[in-house]
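In: Need the 3D shape of this:
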Amino acid sequence: MDEQFQRQLEDQKRLFKQLGLKLDALQIHEKDFPVKMRGYTKEDVDAFLDDIITDYERFHQVISDLLDKYNALQRRHGYDLEKKDSEIARLAEKAKVQDYLVDRRIVEEAVQDMERTLQAAKRRIRPSDSYSDPY
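Out: The predicted structure follows:
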């Protein structure tokens, strides 16, 4: 048996075991039936078993392809989640910086308003040059 065929059979056995199936292509191929009078012809049984083996191999290929696609989707979905998470983190960091800048501007404006108010209060409290002390 060539190496690639052996690997395919091993993959098939693992998959079928995982799916709870009893027979794989090799077991079907190696099945031998006793010959009895008035029984089925060996050629008919072998031909039927060959059809079953072909179906099993096709079944295995379809399942393997579907599992590969599923795994690729899982990886892509995981990558998409990581990408979305990093984008959310980047936006959150940007929002923090913007919040900081907004807060800083508000504080600066408040300080300027307080300085103007203080200057206005100083002007009102300061005696004017025209004011004379009656005493």
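
In: only C-alpha atoms for contact and neighbour calcs from this point on.
Out: Noted.

In: In the protein, where is pLDDT below threshold?
Out: The chain contains residues with pLDDT under 70 at 1, 95-103, 127-135.

In: From the chain's centre, how far out is stretch 16-25? Work that out for me.
Out: Between the centre of stretch 16-25 and the centre of its chain there are 30 Å (Cα atoms, centre = their mean, to the nearest Å).

In: Does anything pack onto the helix or strand that contains Leu91? Which helices or strands?
Out: Taking DSSP states H and E as the definition, one finds Leu91 inside helix 42-125. Applying 3 or more Cα pairs under 8 Å, 6 or more residues apart in numbering; DSSP states H and E, one finds that helix 42-125 makes contact with helix 25-30.

In: Mind giving me the packing neighbours of the helix it packs on?
Out: Other elements packing on helix 25-30 under the criterion 3+ Cα pairs under 8 Å, 6+ apart are helix 42-125.

In: Which residue is the nearest non-sequential neighbour of Val35?
Out: Leaving aside its sequence neighbours, Val35 sits nearest to Lys42 (Cα to Cα, 6 or more residues apart in numbering; 7.9 Å).

In: Leu26: how many residues sit nearby?
Out: For Leu26, the count of nearby residues is 15 (other Cα atoms under 10 Å).

In: For the closest residue in space to it that isn't next to it in sequence, the count of nearby residues, please.
Out: In this structure, Leu26 finds its nearest non-sequential neighbour in Leu9, 7.2 Å apart by Cα to Cα, 6+ apart. Neighbours of Leu9 under the rule other Cα under 10 Å: 17.
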